[in-house]
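K.L.:
3D, please:
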Amino acid sequence: MSYFFNGHFAKSDDAGFVMVSGGESIDFLQSILTANVATVAIGDCRPAALLTPQGRILIDMMVYRTSHQEIFLQTDQERADDLLDRLRRYRLRRPVILERSIDIQLTCWWGYEGTKKPDDTNIFLDPRHTDLGCRIISRNAGTPSTVNGARPASYEDWQARRIGQAIPEGPIDLAPERALMLEAGLDKLAAVDFEKGCYIGQEVTARTHYRGLVKRRLLPLRCEGPPPAVGSEIVWQGKVIAASKTAAACPDHPEHSMALALLKLNDIHSIIEQTATTASSFLSINGQTAQLCPPLWCLPLPVPPNRK
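P.N.:
Residues are numbered from 1 along each chain as shown. All right, here's what the predicted structure looks like:
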């Protein structure tokens with residue numbers, strides 16, 4: 001068994017951190033976040049979100065457990081201060097310390113060889129998908145010494161892998177106070193726990209889950225040409241059906257790009273059926289041909305009641 005080596009690494013340009021520590025830090029986060037924070041082991045991380053009481057996503061994040069009483073919450077750089085303010089409001093009189101950590105650097109490491117994560121509590125396997133590799137948090141802007149033999153790459157290369165696997169991140173993919181956990185597929189990524197008990201927005205989220213009320217899904221599209229701008233119209237059979245979210249060029253095929261989009265399930269199933277019979281989806285973004293590419297972990301997709 002050998003430690004990870006080679007591959008590629010890139011420093012995130014949009015990560016912001018909040019540190020949560022103290023004797024009741026785990027219980028505090030367990031009571032407000034969607035994920036089961038109590039079961040995150042030291043040296044592991046897990047996606048989570050802070051919701052509105054109506055079950056809409058306010059802020060998505062990654063939860064890193066670095067010790068028994070210390071947690072780092074990583075979210076979009078522009079949302080970190082808002083996250084800190086909201087946590088302070090919910091803390092009340094709990095013995096919990098909340099701090100904005102501005103000296104933390106996130107580095108993504110992927111495509112490595114080997115079978116074992118290096119013995120470093122600052123290296124976290126990304127639990128969402130194996131294609132996303134590891135996440136390294138460090139207190140300096142230099143290259144982490146633990147990326148053994150890895151070559152530098154652009155952060156957009158890592159983003160293309162994330163988008164291609166339908167993994168949402170940040171306020172563009174998950175519009176604040178509008179996005180729903182299940183429409184984004186976050187229930188499949190352990191970002192929400194339906195057994196742990198109460199958290200903010202729990203009632204609506206659980207009802208959506210148990211009643212099968214999901215109407216849309218966030219999925220990737222492979223596009224011809226450069227990455228479409230956020231909000232580009234996605235057209236199918238002459239009708240605008242959605243707008244693009246984050247997008248990135250494909251590192252191995254720069255003439256193509258990947259983009260996320262929130263699509264109605266009825267449209268998704270119709271596009272898949274059409275593609276199966278005609279070998280063409282008739283999808284386009286900015287006048288360029290596009291193809292719906294649902295990753296395996298998303299399948300089977302929910303079926304709307306009118307199709308059952």
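K.L.:
hang on, residue 34 packs against residue 194?
P.N.:
No. With contact defined as Cβ atoms under 8 Å, residue 34 does not reach residue 194; the gap is 9.7 Å. In this view, the C-beta of every residue, glycine as well, is placed from N, C-alpha and C.
K.L.:
ok, the two, which is more surrounded?
P.N.:
Using other Cβ atoms under 10 Å as the criterion, residue 34 and residue 194 rank with residue 34 on top: 28 against 13.
K.L.:
what's the closest non-adjacent residue to residue 75?
P.N.:
Sequence neighbours aside, residue 61 is the residue nearest to residue 75 in space, at 4.2 Å (criterion: Cβ to Cβ, 6 or more residues apart in numbering).
K.L.:
and for residue 226?
P.N.:
Of all residues not flanking residue 226 in the chain, residue 257 sits nearest, at 6.0 Å (Cβ to Cβ, 6+ apart).
K.L.:
one more: residue 212?
P.N.:
Nearest non-adjacent residue to residue 212, counting by Cβ to Cβ, 6+ apart: residue 302, 6.7 Å away.
K.L.:
now do residue 266
P.N.:
residue 304 (5.4 Å).
K.L.:
okay, now the one you found: neighbour count?
P.N.:
Close neighbours of residue 304, defined as other Cβ under 10 Å, add up to 15.
K.L.:
list the contacts for it?
P.N.:
Listed by Cβ atoms under 8 Å, 6 or more residues apart in numbering, the contact partners of residue 304 are 215, 265, 266, 269.
K.L.:
low pLDDT regions in the stretch 51-200 of the chain?
P.N.:
141-146 (pLDDT under 70).
K.L.:
all helices for it, in order.
P.N.:
80-91, 155-164, 170-173 (DSSP state H, counting those that start in this stretch).
K.L.:
wait, doesn't residue 159 sit right on residue 249?
P.N.:
No. Between residue 159 and residue 249 there is no contact under Cβ under 8 Å: 9.2 Å.
K.L.:
tell me which of those two has more neighbours.
P.N.:
When neighbours are counted by other Cβ under 10 Å, residue 159 and residue 249 differ, and residue 159 comes out ahead with 24 against 20.
K.L.:
from residue 219, how far off is the more buried one?
P.N.:
16 Å (Cβ to Cβ, to the nearest Å).
K.L.:
host element of residue 262?
P.N.:
Residue 262 is part of strand 256-264 when elements are defined by DSSP states H and E.
K.L.:
and the next helix or strand past that strand?
P.N.:
Using DSSP H and E, the helix or strand that follows strand 256-264 in sequence is helix 265-278.
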